[in-house]
Structures are given as C-alpha cells and as structure tokens.
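J.: Fold the following for me, if possible:
(2 chains)
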Amino acid sequence: MAVINRPGQPPLWKRRSTVQDLLVWLGWLAAVALTVACFQFISERTIWAFVWDAPRQGADLVGRMFPPAWGYADQLWKPLWDTINIATLGTALAVLLGVPLAFLAAHNTTPSVVFVRPLALFIIVASRSINSLIWALILVIILGPGVLAGILAIALRSLGFIGKLLYEAIEEIDRTQVEALESTGANPAQVLSWAIVPQVMPAFAGITVFRWDINIREATVLGLVGAGGIGMQLEASINTLAWPQVTTIFLLILATVAVSEWLSARVRHAII
Amino acid sequence: MAEPLLVLTGLTKRYPTGDLALDGVDLAVPRGQVMALIGPSGAGKSTLIRCVNRLVEPTAGSVRLEGQELTRLSRAALRRARRRMGMIFQEYALVERLSVMENVLSGRLGYVGFWQAWFRRFPRRDIEQAFRLLDRVGLAHMADKRADALSGGQRQRVGILRALMQEPALLLVDEPTASLDPKTSRQIMRLIVELCEERGLAAIINIHDVGLAQEFARRIVGLRAGRIVFDGPPEALDAAVLTAIYGEEDWSRTIRRSDQEEDMAEAAA
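T.: Down below sits the predicted model:
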C-alpha cells in the first residue's frame, strides 16, 4: 500500500509503490522465461516421431479394445466384490485406529503435548507418506498375495489420512462449549463425549465416507502388485494383450466408482 | 453471623503476557444477593468470574465459597465444588448439535457417572426437574429440538436452565444480554433475577448495559483496570461514579436510560 503525500493537496493512494510495481512485473517476466526454458528442455529430450504417431497408435489400441468382451464379466464379479471388501474393511480398520490417534494428536485433547503428541503425529506422517500401492507391495512380500495384504495396505494409508483430518477438526472446535461443560463440574471424559464428540461428528462422518470413496478407487489397482481384487485380472489381461477384456474391466471399475461417489454424496448429505 | 456465601480476598490475576487483569480484589457476596459487575472492556470482569470457578487460575489471593477455599482444591475436588456454581455465557455456549433436553441435562454431568451420561440414563428426578424448568421458561415443547434450531433468547434460557440444573448456590453470569436485542435482554435479565429470588441464589452478573444493571441488580460493583472503584446500591450510581468507572463522558442521558427503554419495550409489546 502506498500513500503519497503531496504538500498542499490531498494525498494520493495507489495499490503499490513504483518500486513494488516494477518488482511484480519482473516476477512475471521471470516466470515466462522459465516456462520457455523448460519447454525447450523437454522438447530436446522427446522423440517427436513417436508423438506425431500417437493418434494413429491410440486409434489402433482403441480399435483392438472394442467391442468389450461382455462374457468375461462373469469372471469379474468375485474380484469386484473383493475390491469393495478391501476398501470397506480397510476403511473400517483405519477408523478404528485413526480416531484414537486423532484425539492423541490434537493439541486440545492429547494427554501429553511433549511425549504423546509428537509420537501420534509421527505415526500419522509415516502412514501418509507411503502410497497404498507401496504399502501393498511391502505387505505382499510379508503376508503373501491376497485380500488380507490389500485390506492392511488400505488401512495403513487411510489411518494417517483420517487421523490428520480428524485431529485438525478437533483442534478447530468451539472452545466455549467445552468451557461451559467444564464449569458444570463434568469430568474430562464427560467433556470429551458431550462437548467435543458432538462437535466433530459431522467432520468425522464426512472424512470417513470421503476416504472410503478414495479407497474404492485405490483398491482397484492394488491387484497390480498381487494384493487382491480386480487389479489382478487387469494385470493378467494386459499381459496377455486381451484388450477387449481390459475394456470390460475399465467399464466395471467406472460403474463401481460412480456408485460409490453417489453413495458417499448421499451419506454426507444425510449427516451434515 | 455466618460467613457470606462467596468471599474473595486479594484476588489477583496476571496473564502470561504480563497483563494484570485483577489487582487485589476484595469482595463478599452474601446468599441470595444479585450483584451486577460493571466496567469498561478489559477491566477484568470476565477474568473475575472465571477466577471464581477457576476456568482461569488466579495468580494470588483466595476464593471461598460456602466456607471452602477453592484455589487450592485438587481437580476432582474442584469439579465437586463447581457443581455449586452455575455459569451463564454471553454466546450461550450450548452444545449446538445436542438437543435442548440434553443441554439442560448436561447441568447434571457433575452428579452422574460417565456411562450413565454416555447412555443418557439420567435419574427420573433429574428428567422431571428438567421438564419443570423447561415448562417454567416456556420451552417444554422444544425439548427434542436441536439447540441450533433455537433463537438467541431461547438459547439463553436453555443456558440458564443448564446452570440451574446444577443446584447451584451461586450463578456466574458473563454478559448474558450482549448478543440479544433490547427487549429479549430485559426478559432474560428479569428471568435471571426472578429465578434467583425463587431459589435464594446469589449471582454475579457481568454486564455492559448500565441501565439494565441499575434496574435489575440490588448491588452494583464497578471494576476498572482490575480494581474495585465502586460498590453500592443502584441509586448511588451518578455521573461522578460512572466517570470513575469508565472515564470522562457525558453521562446525563445514560443514568435515566432504563426508564426510557421500559417505555420502548412496552410500546413494542
């Protein structure tokens, strides 16, 4: 903000001073120059012949993918059911572990800011820093391929997600409602269940349903590394170049995700 | 002569920031007395009543309620002592997502166990009492409504009932009318004073509105910069006293304001 005082006249006001204006323009110039430089860098390392060829290759692949192998769907219901179970059970397990973790991590509910809170935050960060696919990769090595590895992979990834979003919600509650119940002589456990839990319920429901919705999508790829579900069929079909089967799998996944989106939207609406 | 209900001696609060909010306050409130605490923003009114139930820990001094020293109580003993002090808040401080009945019953939390409260299995006596009180303030039909469905005046009534459910001897009332319109403010003040008279409760009411304080309280205490600068009956509140509490200003119209508001309220009704 720049106020320019002029003797004998009312002061002038501009959003920025001249120097600030110049700096802003220099910033824009640098951004454009960087974009051009990056484009050149990428262009030099691209085999453009393949890129020009891409539409033809794409059309060829799509041609081989159609019509979908509808008959193959009969073999997919079981893996699809597994996929939904991996997502649902994984989310349930993550809720079971993530909710206490959130209360241990939130500033206003943690039993100890010095010891417990950093530990809870570390668990949350560790869980979030590793993608479910990588969790699955590790768990398949330990537990062997199958649905169990998938459930645990989903749970380990979601635990941090639920823990983080929930502890942030707990930290944002209205403090006066807590004070009001403290002033009645309620004990800490009663204050937690009467003043804090009701305030974070909508956030909790929203977070859980949102995570379940994400997990349905993540569970569809876990099979690529052997952690059960429809991803295993997908990998097998791609490896045998059975493109019409791949199309069938894609369509089924699309339908499942669409249904889960619709369902989670309904649940969120009902609770909030 | 028995000791007054509440006795503050040399009550001092210095916040970690260094602000001295209360500076050696001595105050005695007898049983059944409705007292208004007035003073400019930042004078320490809120800190004073919060130091009584130790929502704010006093730095020095003593707080005695019914002969019991509160400042040295353990957490568990403090919780038992808090049951005798009902608090009423400016922004009502109801648990918005709980029902009106649950909010009223939350005044009993200090008397019931965790699981009893978790499953909402309160003694019949408590529930009957809650219905009686709701009926008394005309909210019996709202018992099952969620608190956030209520208007400001209705919410403050529920806030008052929550405090009464504690079976307190003392009400700590923090700006009960600051979020309400003038008519509702008067109704709420009248309700608090009536309930105090019916039950023989003492009350400390923090209030900005000098007119309301004069009309409803039998004793007025003026706080300025953490010290008591006036303590007397409402009639003794004149321009000189208001200047001592709030600072220099033209007070000639403020002193009579409560009468004018009465006329306005009657005209509106």
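
J.: Kindly format the C-alpha coordinates of stretch B:162-171 as PDB.
T.: C-alpha atoms of stretch B:162-171 as PDB (Å, rounded to 0.1, in the frame of the first residue of the first chain):
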ATOM      1  CA  ARG B 162     -28.400 -25.800  32.400                       C
ATOM      2  CA  ALA B 163     -26.900 -23.700  35.200                       C
ATOM      3  CA  LEU B 164     -29.900 -24.200  37.400                       C
ATOM      4  CA  MET B 165     -29.900 -28.000  37.000                       C
ATOM      5  CA  GLN B 166     -26.600 -28.000  38.900                       C
ATOM      6  CA  GLU B 167     -28.500 -26.900  42.000                       C
ATOM      7  CA  PRO B 168     -26.000 -24.100  42.500                       C
ATOM      8  CA  ALA B 169     -25.800 -21.600  45.300                       C
ATOM      9  CA  LEU B 170     -24.200 -19.000  43.100                       C
ATOM     10  CA  LEU B 171     -24.700 -18.000  39.400                       C
END
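
J.: Report the rounded mean pLDDT for that stretch.
T.: Averaged over stretch B:162-171, pLDDT sits at 95.

J.: Can you tell me what sits against that stretch?
T.: With Cβ atoms under 8 Å, 6 or more residues apart in numbering or on different chains as the test, stretch B:162-171 has contacts from A:180, A:184-185, B:5-6, B:29, B:31, B:52, B:65-66, B:83-88, B:94, B:103-108, B:110, B:126, B:129-130, B:133, B:192, B:195-196, B:199, B:201-205. C-beta: built from backbone N, CA, C; applies to glycine.

J.: Please list the members of those residues that lie in helices.
T.: Of these, the ones assigned to helices by DSSP state H are A:180, B:52, B:103-105, B:126, B:129-130, B:133, B:192, B:195-196, B:199.

J.: Just the buried residues of the contacts of stretch B:162-171.
T.: A:180, A:184-185, B:5-6, B:29, B:52, B:65-66, B:83-88, B:94, B:103-108, B:110, B:126, B:129-130, B:133, B:192, B:195-196, B:201-205 (16 or more other Cβ atoms under 10 Å in any protein chain shown).

J.: Near chain A, which residues of the stretch 151-269 of chain B? Just list them.
T.: B:159, B:162-163, B:166, B:172 (Cβ under 8 Å from any Cβ of the partner chain).

J.: mind checking how far B:F89 is from chain A?
T.: Look at B:F89 and chain A: by Cβ to the nearest Cβ, to the nearest Å, they are 6 Å apart.

J.: Tell me how the chain divides into domains.
T.: Using chain A. As assigned by automatic domain parsing, chain A contains the domains A:2-59, A:72-271.

J.: not what I meant, chain B
T.: Domain assignment of chain B by automatic domain parsing yields the ranges B:6-84+B:168-268, B:97-167.

J.: Including distance to A:Q233, could these go into a markdown table?
T.: Output for these, formatted as a markdown table (distance: least, Cβ to Cβ, whole Å):
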| stretch | distance to A:Q233 |
| --- | --- |
| domain B:6-84+B:168-268 | 59 |
| domain B:97-167 | 45 |
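
J.: mean pLDDT for those domains: which is lowest?
T.: Confidence, taken as mean pLDDT, is least for domain B:6-84+B:168-268 of these (a mean of 89).

J.: Quick check: pLDDT value at the closest residue to chain B within the stretch 101-250 of chain A.
T.: Of all residues in the stretch 101-250 of chain A, A:G185 sits closest to chain B, at 2.7 Å by Cβ to the nearest Cβ. With respect to pLDDT, A:G185 has a value of 93.

J.: who does the helix or strand of chain A with the lowest mean pLDDT pair up with?
T.: Here the helix or strand of chain A ranked lowest by mean pLDDT, DSSP states H and E is strand A:2-4, holding a mean of 79. Looking at strand A:2-4 with DSSP bridges, its partner strands are strand A:12-14 (antiparallel).

J.: buried stuff in whichever helix or strand comes after the strand it pairs with?
T.: Following strand A:12-14 in sequence order, the next helix or strand is helix A:18-44 (DSSP states H and E). For helix A:18-44, a neighbour-count test (16+ other Cβ under 10 Å) marks nothing as buried.

J.: pLDDT of the helix or strand just after helix A:18-44, averaged?
T.: Under the assignment DSSP H and E, the closest C-terminal helix or strand after helix A:18-44 is helix A:48-65. Regarding helix A:48-65, the rounded mean pLDDT is 87.

J.: outside of helix A:48-65, which residues touch it?
T.: For helix A:48-65, using Cβ under 8 Å, 6+ apart, the contacting residues are A:243-244, A:246-247.

J.: Most neighbours among the residues you listed, please name it.
T.: Ranked by neighbour count (other Cβ atoms under 10 Å in any protein chain shown), the contacts of helix A:48-65 have A:V246 at the top, with 22 neighbours.

J.: confidence score at it?
T.: On pLDDT, A:V246 comes in at 88.

J.: for the one 4 residues further on, same thing?
T.: If you check A:F250, the pLDDT there is 89.

J.: coming back round to it: do you know which of the domains of chain B lies nearest A:R268?
T.: The closest of the domains of chain B to A:R268 is domain B:97-167. By Cβ to Cβ, the value is 15.8 Å.

J.: Just give the nearest non-adjacent residue to the residue of the stretch 1-150 of chain B found nearest chain A, would you?
T.: Using Cβ to the nearest Cβ, the closest approach of the stretch 1-150 of chain B to chain A is made by B:G110 at 2.7 Å. Residue nearest to B:G110 in three dimensions, not counting chain neighbours: A:G185, with 2.7 Å by Cβ to Cβ, 6 or more residues apart in numbering or on different chains.

J.: Enumerate every residue touching the one you found.
T.: B:79-83, B:109-111, B:166.

J.: Show me what whichever helix or strand A:L165 is part of is packed up against.
T.: Here A:L165, judged by DSSP H and E, is contained in helix A:147-171. Counting contacts by 3 or more Cβ pairs under 8 Å, 6 or more residues apart in numbering or on different chains; DSSP states H and E, helix A:147-171 packs against helix A:77-105, helix A:116-129, helix A:132-143, helix A:197-222.

J.: got the buried residues for it?
T.: Applying 16+ other Cβ under 10 Å to helix A:147-171 flags A:147-167, A:169-170 as buried.

J.: Spell out which parts of chain A neighbour chain B.
T.: Within reach of chain B by Cβ under 8 Å from any Cβ, chain A has these residues: A:174, A:176-177, A:179-187, A:189-190, A:193-195, A:198-199, A:201-202.

J.: one more time with 10 Å, if that's ok
T.: Residues of chain A lying close to chain B (Cβ under 10 Å from any Cβ of the partner chain) are A:174-202.

J.: Just the buried ones from these?
T.: A:177-187, A:190-200.

J.: which one is A:V99 nearest to, not counting chain neighbours?
T.: Nearest residue to A:V99, sequence neighbours excluded (Cβ to Cβ, 6+ apart): A:L166, at 6.5 Å.

J.: And for B:G67?
T.: In space, B:G67 comes closest to B:E3 once its chain neighbours are excluded; the distance is 5.5 Å by Cβ to Cβ, 6+ apart.

J.: What residues does the one you found make contact with?
T.: B:28, B:30, B:64-67 (Cβ atoms under 10 Å, 6 or more residues apart in numbering or on different chains).

J.: and which of the residues you listed is nearest A:A136?
T.: If you rank the contacts of B:E3 by distance to A:A136 using Cβ to Cβ, B:L65 comes first, at 61.0 Å.

J.: re the thing from before, what's near enough to touch the residue of the stretch 1-150 of chain B closest to chain A?
T.: Contacts for B:G110 (Cβ under 10 Å, 6+ apart) come out as A:181, A:183-187, A:190, B:79-84, B:165-167.

J.: Kindly recompute the last result at 7 Å.
T.: A:184-186, B:79, B:82-83, B:166 (Cβ atoms under 7 Å, 6 or more residues apart in numbering or on different chains).

J.: Please apply the same query to B:R82.
T.: Contact analysis of B:R82 by Cβ under 7 Å, 6+ apart lists A:183-185, B:53, B:110.
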